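Undergrad: Give me a 3D structure for the following:
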Amino acid sequence: MPVNGEPLPDLTTLKGVGPAVAARLARLELVTVSDLLLHLPIRYQDRGTVRPIDSLKAGDEALIEVEVLEARPLCSGKARCMLSVSDGSGQVTVWFFGQFGPSPAQFKPGTRLRLFGEFRAGFHGLHLFHPEIIPANADQEQLSPVYPTTEGLSQRVLRRLVKQALALQRQKPFLREMLPAEFRERYQLMPLEAALERLHQPRRSEGVPGDQDPARYRLVFEELLAQHLALRQARRQIRRERAPILAPRGELYKRLLANLPFTPTGAQSRVLDEIRTDLASRTPMLRLVQGDVGSGKTLVAAGAALTAIETGYQVALMAPTALLAEQHARNFETWFSPLGLRTLFLSGQLSQRARREAQQSLLNGEAQLVVGTHALFQESVQFKRLGLVIVDEQHRFGVHQRLALTTKSPDGLCPHQLVMTATPIPRTLAMSVYADLDVSIIDELPPGRTPVTTVVINSARRNEIIERISEVCAQGRQAYWVCPLIEESEVVSAQAAESTEALLREMLPHLRIGLVHGRMKTAEKNMIMDAFKNHELDLLVATTVIEVGVDVPNASLMIIENAERLGLAQLHQLRGRVGRGATASHCVLLYDEPLSERGRARLSLMRATQDGFKIAEEDLKLRGPGEVLGTRQTGLAKLKVADLVRDVDMLELVREASDDLLNSHPELVEPLIQRWIGEATEYGKV
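TA: Here you go, the predicted structure:
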């Protein structure tokens, strides 16, 4: 953001930053001098402590002070010069590379050198490849920072540029202190400039700045504060809008329940009451519904949708994948058609004519509910009276994508928003990631569900599992065999599933076997899924496209190949495809050797618990929030200095501090958001 009306200095103002270097810096998302100052070191090197050679081992980074024993020119390959050096405790072979490397003439026997680098094992002792030659007058008190970098951008260049940036900051602070002194004192935060100096130019006498160092704490706190404020700002912006008041008598929902073979659980009814209270308000609802696999979120969504429809409004339900959207569309069609309501399905895979007809039905109000994928964002999709937006698997969408649908109502009113996820999120983390939403939890499974027994088995015992499939199907039950995405390629995944299907057909010729994967056409996928649901197939071989949205109560066995390669939350979702009836169900996690200790621990956790929250907590620790929550699109995965797992204990205090800042210094909120988020993620600006 501008400083005193002036723009932030561009990195090209620094000495040595021409177009080529600027392009490399841009790959690291470093454009301004302030970006560079917030690009913190990942570790530090001690170039001031001389270590004896006999204390070193391969992999150590260290400074040695040695005498040259021999210097030889080398003409073969890329090596230019080889030295044999000693400090009296041992010898090291030193190699210099490249045509511009030092000449052997510079290293006469007896020359004293200080060399810093990483030591590697060789045939005859330790080797040192192209080390830094440390001048005798170098500042030995300074620790050397090591920065995240990119190809063609050396640590030496980054250190030199950061040094210039710090000098500029001292002359005229463009990265100004935004947090008032009393605020810093209350939350024990050191001044910004002192924190930057400490992190970029630490002194050996002060120690290496660790994760809990006050300097790092200061920047992490400020960044998390900015992220939290950005989400709250989005919430405030929506809350200022006017929403339709949706408060019918609930006749449609009663008729729906009368047609269903089950009744809602107490948790479903409680959450639906919370939603109805929100819908009856002129303030737009912003509510997240969390529910473990099989908890019945779809019925809650149906109840919310009928509340809007009975009041004369339309509903849009958005899902992240075509398969899940199709499943929702068919479920709602089955439930809503007897009530005289029309459900549409809209995705990018529809023909142009079908898409035009669907859009026209929405525009003239003939359709009360539309279920779709990202296609709902398109400008051509318009509604007659949109009153409620339901987003399933929220973590697959960005905040700005979810908010985009709020502009779709032509009457000037802001639609209510209901967000659903089957990926449980620890409460403290949810306060940061979903600070713009109220949270409801469906914490009860429908009666009749049986716990799924999970076993972990080496893939070498595959034949035993295949025999087990035959036994299960002989009892009239069905089974899944999942081949996960092993590489980032739908082609590879489909081929793995196809070859597995061929093998199983050969070994189980008496069973009816089907195949479904992401590269199949929609109609073909639907035909296979319908056949499995209607028990026209005994065994379904599939990729992870069946992760969510598939409900076949007769299926009681799930086999997952290469289970060690999948995230815990994804394994939990796949396991949730069985155990949906009263029959005892089993999930087999097949793994390949060698299995790492971490992999073994993860699979053991799956065997030990079916608690989605416990699994989500562990998945968060192992894979980080960017993977678990899909936050790349929300900006949270682009945190510059904070880490939502490492710094989770800070979130409660950050939440308190955000209240404090909004009340005492509201003028600082926007500048803080601009510093840490900028225009990269326009929370609420859709």
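Undergrad: what ranges do the helices span in the stretch 51-200 of the chain?
TA: The residue ranges that make up the helices of the stretch 51-200 of the chain, judged by DSSP state H, counting those that start in this stretch, are 155-171, 181-186, 192-200.
Undergrad: quick one, what contacts the closest residue to residue 310 other than its chain neighbours?
TA: The spatial neighbour of residue 310 that comes closest, neighbours along the chain excluded (Cβ to Cβ, 6 or more residues apart in numbering), is residue 248 at 3.7 Å. In this view, the C-beta of every residue, glycine as well, is placed from N, C-alpha and C. By Cβ atoms under 8 Å, 6 or more residues apart in numbering, the contact set of residue 248 is 307, 310, 311.
Undergrad: State the distance from the last one to residue 651.
TA: What that stands for is residue 311. Here the distance between residue 311 and residue 651 works out to 37 Å (Cβ to Cβ, to the nearest Å).
Undergrad: Looking at those two, which has the bigger crowd around it?
TA: residue 651 (23 against 17; other Cβ atoms under 10 Å).
Undergrad: Go through the protein and flag its longest strand.
TA: In terms of residue count, the longest strand belonging to the chain (DSSP state E) is strand 61-73.
Undergrad: That one packs against which elements?
TA: Using 3 or more Cβ pairs under 8 Å, 6 or more residues apart in numbering; DSSP states H and E as the contact criterion, the secondary-structure elements in contact with strand 61-73 are strand 79-86, strand 91-97, strand 112-122.
Undergrad: that older thread, which one of the helices of the stretch 51-200 of the chain is the most hemmed in?
TA: Using mean count of other Cβ atoms under 10 Å, the stretch among the helices of the stretch 51-200 of the chain with the greatest mean number of neighbours is helix 192-200 (a mean of 19).
Undergrad: what's the following helix or strand after that helix?
TA: Sequence-wise, the next helix or strand downstream of helix 192-200 (DSSP states H and E) is helix 214-239.
Undergrad: how about that next one: buried residues?
TA: Buried residues in helix 214-239, counting neighbours by 16 or more other Cβ atoms under 10 Å, are found at 215-235, 237-238.
Undergrad: Quick one: mean pLDDT over it.
TA: When the per-residue pLDDT values of helix 214-239 are averaged, the result is 88.
Undergrad: So what's the gap between the helix or strand that that helix is followed by and the chain middle?
TA: Counting by DSSP H and E, the element after helix 214-239 in chain order, helix or strand, is helix 251-259. Averaging C-alpha positions (Cα atoms, centre = their mean, to the nearest Å) puts helix 251-259 39 Å from its chain's average.
Undergrad: Could the C-alpha coordinates of helix 251-259 be exported in CSV?
TA: The C-alpha atoms that make up helix 251-259 are tabulated as CSV, following Å, rounded to 0.1, in the frame of the first residue of the first chain:
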residue,chain,number,x,y,z
GLU,A,251,-45.7,-27.6,4.9
LEU,A,252,-43.4,-28.7,2.1
TYR,A,253,-40.8,-30.1,4.6
LYS,A,254,-43.6,-32.0,6.4
ARG,A,255,-44.7,-33.5,3.1
LEU,A,256,-41.1,-34.5,2.3
LEU,A,257,-40.7,-36.3,5.7
ALA,A,258,-44.0,-38.1,5.1
ASN,A,259,-42.6,-39.6,1.9
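Undergrad: helices or strands up against that helix?
TA: Judged by 3+ Cβ pairs under 8 Å, 6+ apart, the packing partners of helix 251-259 are helix 297-310, helix 322-336.
Undergrad: mind checking which of those helices is nearest residue 505?
TA: For the helices and strands packed on helix 251-259, the distance to residue 505 is smallest for helix 322-336, at 23.4 Å, taking Cβ to Cβ.
Undergrad: Could you pull out the buried residues of the closest one?
TA: Within helix 322-336, the residues scored as buried using 16+ other Cβ under 10 Å are 322-333, 335-336.
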